[in-house]
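Visitor: Fold the following, please.
(one chain, ligands or ions: 2)
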Amino acid sequence: MKTYISIWPPLAPEAPFPRRLAVLGSTGSIGVSALRVVDEHPELFKIVALTGGKNAKLLAEQAARHRPAVLAVLDEAAAKALRALLPSGYAPEILVGPTAFEAIAASPEADMVLSAIVGAAGFLPTLAAAKKGKRIALANKESLVIGGRLIRQACRASGAVILPVDSEHNALFQALCGHADKDNGAGPELARLILTASGGPFRGRDKKFLAAATPEQALNHPNWSMGAKISVDSASLMNKGLEIIEACHLYGLPVERVDVLVHPQSIVHSLAEYVDGSQLAHLGVPDMRIPIAHCLCFPRRVTLGMPRLDLAQVGSLTFEKPDETLFPCLRLAKEAFAASPSHPAVLNAANEAAVELFLQKRITFMDIPLLIEGALSRHSALPEDAGAADLLAVDAETRRSVIDCAGAGLS
Ligand code: NAD
Ligand code: MG
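Guide: Numbering: from 1, shown residues only. Ligands and ions are numbered 1, 2, ... in the order given. Below you'll find the model as predicted:
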């Protein structure tokens, strides 16, 4: 399907300010950074809803500050704790459970949705926002990995637009603006996309080190401060694998035209290469407030209270090829995307289950790609017309099989 879903200036009339914003996953790393942007420019936003998983304390603090009419949490215990922590005189509606996030994403109260829940739990809320024609600032890359085709179709039908928060895809969005073609996405003059990767905390390590790597070491990212799941994904390079699939969906390119370049300084956030050999890059300090603010305010640019990039101080920028033998997740992601539209859902679910097992110290770091490869090899592609429920059934079945395999010694 040759469509893309990022928006381009001709398709993006400036949405009015203040923007009525729902933040899904406001208590996470991206959510907190987004609210810092909002705090710096309160006149540009009205927060209509905030959601968290189980962190009632932080959600209560955020809610007391921004006073949205609706909040949502994962379970009754978190809702009870939240209610008790809210200031007197402020009684928002508190929704509970997975369907609450979808309801908020689809609510007419919000014209913009920041999708920043972690993992597959973000898929249905993103799809709900896409079906309702929202402006979606998308951090939850897993949504596109699981159901990129469904989300693209929903955006086309409803007129919803996706602005990529993920720093690499946001960099590409900026590098591609002005070279867009309404019907052909990034256009025929685009030769390839180059996603940069920091290489994570295990860059340059050998097989022996990786075999004994601990969750504490995996969570210690050199450049970015992020949630636990994406930090482990960065260590295994699965994050870059998911991002290849995300880029293919956003910019309508086949997987062969999306390359990865390891760039340990995380200053160049990705590059677009044109047929004449020009490469356009986006540079900036590694702070997610930059891509978040770009999406939330697009096409307006706003000041951010952080030091600007000083290249003289950075001194040198280096680049190298990724080691796909030591980090097989990159290859697995490309193979999954090429195999069928449902294989990426298996890749994602197997990865989420394996990362969870690794964080619980029940498997080793090197078991993560083995479990994913096993799950992919057991999967038979779903029919072309598979819907969200079918993909989520595959997701659940994959998680069960990965846990079983891990329990049985990966056999
Ligand atoms: P995080 O773990 O810090 O936060 C996740 C948020 O989702 C929290 O608010 C949490 O309470 C909520 N949550 C967790 N499980 C939930 C569930 N089952 N249902 C509803 N809410 C749930 O994660 P993060 O690092 O902020 O990442 C969020 C998303 O953004 C991920 O998809 C990640 O890949 C993407 N992303 C993050 C970064 C980053 O710098 N952190 C960069 C690019 C993309
Ligand atoms: Mg990224």
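
Visitor: Over to the closest residue to K134 other than its chain neighbours. Which of the three states is it?
Guide: Leaving aside its sequence neighbours, K134 sits nearest to V113 (Cβ to Cβ, 6 or more residues apart in numbering; 4.9 Å). Where you see a C-beta, it was placed from the backbone N, CA and C, and this is true even at glycine. Three-state call for V113 (DSSP: H, G, I helix; E, B strand; the rest coil): strand.

Visitor: pretty sure V113 is touching A22, no?
Guide: Yes: counting by Cβ atoms under 8 Å, V113 touches A22, with 4.9 Å between them.

Visitor: Which residues are in contact with the residue nearest to K134?
Guide: 21-22, 24, 104-105, 125, 129, 134-137 (Cβ atoms under 8 Å, 6 or more residues apart in numbering).

Visitor: quick one: it and S198, what's the gap?
Guide: Distance from V113 to S198, counting by Cβ to Cβ, to the nearest Å: 28 Å.

Visitor: Same question for V314.
Guide: Applying Cβ to Cβ, the value for V314 to S198 is 14 Å.

Visitor: Compare these two and say which one has the larger neighbour count.
Guide: Just comparing V314 and S198: by other Cβ atoms under 10 Å the higher neighbour count belongs to S198, 19 against 12.

Visitor: Is it correct that E384 falls within a helix?
Guide: No: counting by three-state DSSP, E384 falls outside a helix, being coil.

Visitor: Verify the contact between L271 and L190 for me.
Guide: No: contact criterion Cβ under 8 Å: L271 and L190 do not qualify, at 11.2 Å.

Visitor: Any stretches of the stretch 51-200 of the chain with poor pLDDT?
Guide: For the stretch 51-200 of the chain, applying pLDDT under 70 flags the ranges 178-186.

Visitor: who touches the residue in it positioned nearest to ligand 2 in this structure?
Guide: Closest to ligand 2 within the stretch 51-200 of the chain is D166: 4.2 Å, counting by Cβ to the ion. Applying Cβ under 8 Å, 6+ apart to D166 gives the contacts 138-139, 141, 243, 246, 291.

Visitor: distance between the ends of stretch 199-212?
Guide: One end of stretch 199-212 sits 18 Å from the other (Cα to Cα, to the nearest Å).

Visitor: Contacts only, for the single nearest residue of the stretch 51-200 of the chain relative to ligand 1.
Guide: Residue nearest to ligand 1 within the stretch 51-200 of the chain (Cβ to the nearest ligand atom): G53, separated by 2.8 Å. Going by Cβ under 8 Å, 6+ apart, G53 touches 25, 27, 73-74, 78, 117.
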